[in-house]
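Novice: Make a model of this:
(one chain, ligands or ions: 1)
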Amino acid sequence: MNSPAAQPNRHPLAVQHPDLDDAAIRRLVETFYGRAREDDLIGPIFNRTVDDWDEHIERISDFWSSMLLKTGRYGGAPMRPHLLLGLEGAHFDRWLQLLEATARDLFPEGLAALFIVRARRIADSFEMGLASTRGDIVRPRHSL
Ligand code: HEM
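Specialist: Numbering: from 1, shown residues only. Predicted coordinates:
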């Protein structure tokens, strides 16, 4: 019956939302890292690790584009660099808080939720992956 109009040139497995595109992803990523760099808890981690912010923002935008739009633009191993950063649960909590606040500041709830749900899931999987390399036990955050 009333199925949503197909979005041209969109991968069939891409998340379907009329306002989700690379421009929206870019806006979220730029705004998020602008805030994350200034955050008292996680800012110092970024500022001592990232030399080229344009390149970082480009790479993270490609990552989200691959995740949500299936563009295949990111071909890296996203967990690997995090192994060396000494991340704790509190860092992940702050990262997610900032991501959620940014998504809600920029977008209406439906679009914000697409980023938030996916971010929680990935943060959980990173956190568990990192903890298991240390032999810790972690309590997963519930994604939905
Ligand atoms: C505790 C929270 C986090 C902190 C402090 C953090 C910090 C960083 C830093 C400093 C880098 C740059 C590493 C380098 O250039 O050597 C990086 C890379 C990256 N981060 Fe995170 N991160 C966090 C969580 C996440 C989460 C939850 C995601 C995904 C949703 C994510 C996605 C990525 C990706 C895709 C890269 C690029 C990896 C590559 O080089 O291909 N990060 N992160």
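Novice: my read: Gly89 touches Asp124, true?
Specialist: No - taking contacts as Cβ atoms under 8 Å, Gly89 lies outside contact range of Asp124: 11.0 Å. Any C-beta I mention is one placed from the backbone N, CA and C, and that applies to glycine too.
Novice: Mind checking which of those two has more residues around it?
Specialist: Taking other Cβ atoms under 10 Å, Gly89 and Asp124 do not tie; Asp124 has more neighbours (18 against 14).
Novice: Touching, that one and Leu130? I think so.
Specialist: No - look at Asp124 against Leu130 with Cβ under 8 Å: they stay out of range, at 10.9 Å.
Novice: What helices and strands are in contact with the host helix or strand of Leu98?
Specialist: Using DSSP states H and E, Leu98 sits in helix 89-106. When contacts are defined as 3 or more Cβ pairs under 8 Å, 6 or more residues apart in numbering; DSSP states H and E, helix 89-106 packs onto helix 22-36, helix 109-134.
Novice: From what I see, Phe126 and His82 are in contact.
Specialist: Yes - using Cβ under 8 Å, Phe126 is in contact with His82, at 5.9 Å.
Novice: which parts of the chain sit against the ligand?
Specialist: Residues of the chain lying near the ligand by Cβ under 6 Å from any ligand atom: 42, 45-46, 49-50, 59-60, 63, 76, 78, 81-82, 85, 87, 91-92, 95, 119, 122-123, 126.
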